[in-house]
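S.K.: have a look at this prediction, sequence included:
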Amino acid sequence: MNTTLSLLKPTGHLTLGNLLGALRPMALAQDGSDCFYGVCDLHALTVAQDPARLRASVREVATLLLAAGLERSTLFIQSHVPSHSELAYLLESTAYVGELNRMIQFKEKGRGQPSTRASLFTYPTLMAADILLYRPTQVPVGEDQRQHVELTRDLAIRFNATYGPVFTVPELVRPALGARVMDLADPSSKMGKSHADGSGIIYLLDSPDVIRRKVARAVTDSDTGSDAVRRDPVNKPGVTNLIELLEAAGGSLESITTYGALKTATTEVVVELLRPLQVRYAELAQHPDHVQARYAAGAARCREVTAPVLLDAQAAMGIG
């Protein structure tokens, strides 16, 4: 059986883009794969976090994963599986400063900043550990993470050549196609959970009234022609985004000829799409012990699955 691994960072609230582009494909992958889905709270520590807020965010994301239908997966909190951070240090001890210095995220967010945390520089080795511990043969990767996964391959190859064949070197593959949802207020930008201004972002726990206001204010254009409602990513990015959102959420463009009708239809399908998830989230929130038990069981399985890989790596390096 194939192994599928995906981790979500608990920084900001999950969005409609996360549901359509990630959570829905993750749920579909449960058929025919051994799925490990986690909340990567250690990754969140690469920048300053308020402890109480981070703890609440971890709980929210963990509950949303269950609410989104990932019941048949192994769910875990990254920090509850110590092999992730232990293997990360071993890989850090095989990585080169020059490699980490070339990572785009560090170059854009940390290099030259006096308050940059060392973990932002080294976290690609933690990401590599996240992957290599589960010995997947393939890793779906988008362009934004390709460099980090390529480093994972490089570290695995180097480790195996230096210490012996411990790691499976994963193949990079294109991820399963998920809907790409853009910001309603800025259709040139992806609907991301970390944006400071959430006016164009639909969060998974937004109420119907909030969703209605956000869609009503979505950017369109001044076109009033009979074919105004049409796909044209270059000249009509806002309208195109609404059309794609409408269809990705299960709606149809048939008979829609005005921007008002497009926004109304989009609002209706998004509200209905999120309704069962929000109902299930509310139910789970009333039973935190159930959520905690599911994640405790998932972490226990992860510890069991990853322990042999960590032990092999330690022994190969002479510390086991």
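M.R.: Nice, thanks for sending it over.

S.K.: flag the shaky bits of the stretch 51-200 of the chain, pLDDT-wise.
M.R.: 110, 175-179, 193-196 (pLDDT under 70).

S.K.: quick one, helices of it?
M.R.: 51-67, 83-92, 97-101, 104-109, 118-132, 146-163 (DSSP state H, counting those that start in this stretch).

S.K.: check the offset of the first one from the chain's centre.
M.R.: What that stands for is helix 51-67. Its chain's C-alpha centre and that of helix 51-67 lie 14 Å apart, by CA atoms, centre = their mean, to the nearest Å.

S.K.: ok, residues contacting it?
M.R.: By CB atoms under 8 Å, 6 or more residues apart in numbering, the residues outside helix 51-67 that reach it are 8, 10-14, 23, 37, 39, 41, 44, 75, 77, 204-205, 277-278, 280-281, 284-285, 288, 291, 294-295. Bear in mind the C-beta positions are built from the backbone N, C-alpha and C, glycine included.

S.K.: now the buried members of those.
M.R.: Among these, those classed as buried by 16 or more other CB atoms under 10 Å are 8, 10-14, 23, 37, 39, 41, 44, 75, 77, 204-205, 277-278, 280-281, 284, 291, 294-295.

S.K.: in helices, which of those appear?
M.R.: Using DSSP state H, the members of those that fall within helices are 41, 44, 277-278, 280-281, 284, 291, 294-295.

S.K.: for those residues, which one is nearest Val234?
M.R.: Among these, Leu277 lies closest to Val234 (CB to CB), at 33.5 Å.

S.K.: distance of that closest one from His84?
M.R.: 28 Å (CB to CB, to the nearest Å).

S.K.: before we move on, the earlier item: any chance of the ones in helices among the buried ones among the contacts of helix 51-67 in CSV with distance to Ala228 and pLDDT as columns?
M.R.: Formatted as CSV, those follow (distance: CB to CB, whole Å; pLDDT from 0 to 100):
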residue, distance to Ala228, pLDDT
Asp41, 46, 98
Ala44, 43, 96
Leu277, 32, 98
Gln278, 32, 98
Arg280, 38, 98
Tyr281, 37, 98
Leu284, 42, 98
Val291, 46, 98
Arg294, 48, 98
Tyr295, 48, 98
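
S.K.: which single one of those is nearest to Gln147?
M.R.: Comparing those against Gln147 with CB to CB picks out Ala44 as the nearest, at 20.1 Å.

S.K.: ok, now which ones touch that closest one?
M.R.: Contacts for Ala44 (CB under 8 Å, 6+ apart) come out as 9-11, 54, 57.

S.K.: and with 10 Å instead?
M.R.: The contact partners of Ala44, by CB atoms under 10 Å, 6 or more residues apart in numbering, come to 9-12, 54, 57-58, 78-79, 119.

S.K.: which of those count as buried?
M.R.: Of the contacts of Ala44, these count as buried by 16+ other CB under 10 Å: 9-12, 57-58, 78-79, 119.

S.K.: how about those in CSV, adding distance to Asp183?
M.R.: Shown next, in CSV, are these (distance: CB to CB, whole Å):
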residue, distance to Asp183
Lys9, 19
Pro10, 21
Thr11, 17
Gly12, 13
Ser57, 21
Val58, 25
Gln78, 28
Ser79, 31
Ser119, 28
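
S.K.: name the nearest of the residues you listed relative to Ser189.
M.R.: Looking across the buried ones among the contacts of Ala44 and measuring by CB to CB, the closest to Ser189 is Gly12, at 14.4 Å.

S.K.: thought the closest one was touching Asp197?
M.R.: No: judged on CB atoms under 10 Å, Gly12 makes no contact with Asp197 at a distance of 12.0 Å.

S.K.: Thr306 touches His84, doesn't it?
M.R.: Yes: applying CB under 10 Å as the test, Thr306 and His84 come out as touching, 7.6 Å apart.

S.K.: overlap in contacts, these two.
M.R.: Among the neighbours of Thr306, those also in contact with His84 (CB under 10 Å, 6+ apart) are 129-130, 133.

S.K.: what is the nearest of the residues you listed to Asn235?
M.R.: Asp130 (41.2 Å).

S.K.: gap between the closest one and Val309?
M.R.: Distance from Asp130 to Val309, by CB to CB: 12 Å.

S.K.: more neighbours: the two, which one.
M.R.: Higher neighbour count among Asp130 and Val309: Asp130, with 25 against 19, using other CB atoms under 10 Å.

S.K.: mind jotting down where the helices sit in the stretch 201-320 of the chain?
M.R.: In the stretch 201-320 of the chain, the helices defined using DSSP H, counting those that start in this stretch lie at 208-216, 237-248, 259-285, 288-317.

S.K.: okay, these, which one's buried deepest?
M.R.: Mean neighbours per residue, mean count of other CB atoms under 10 Å, is largest over the helices of the stretch 201-320 of the chain for helix 237-248, with a mean of 21.
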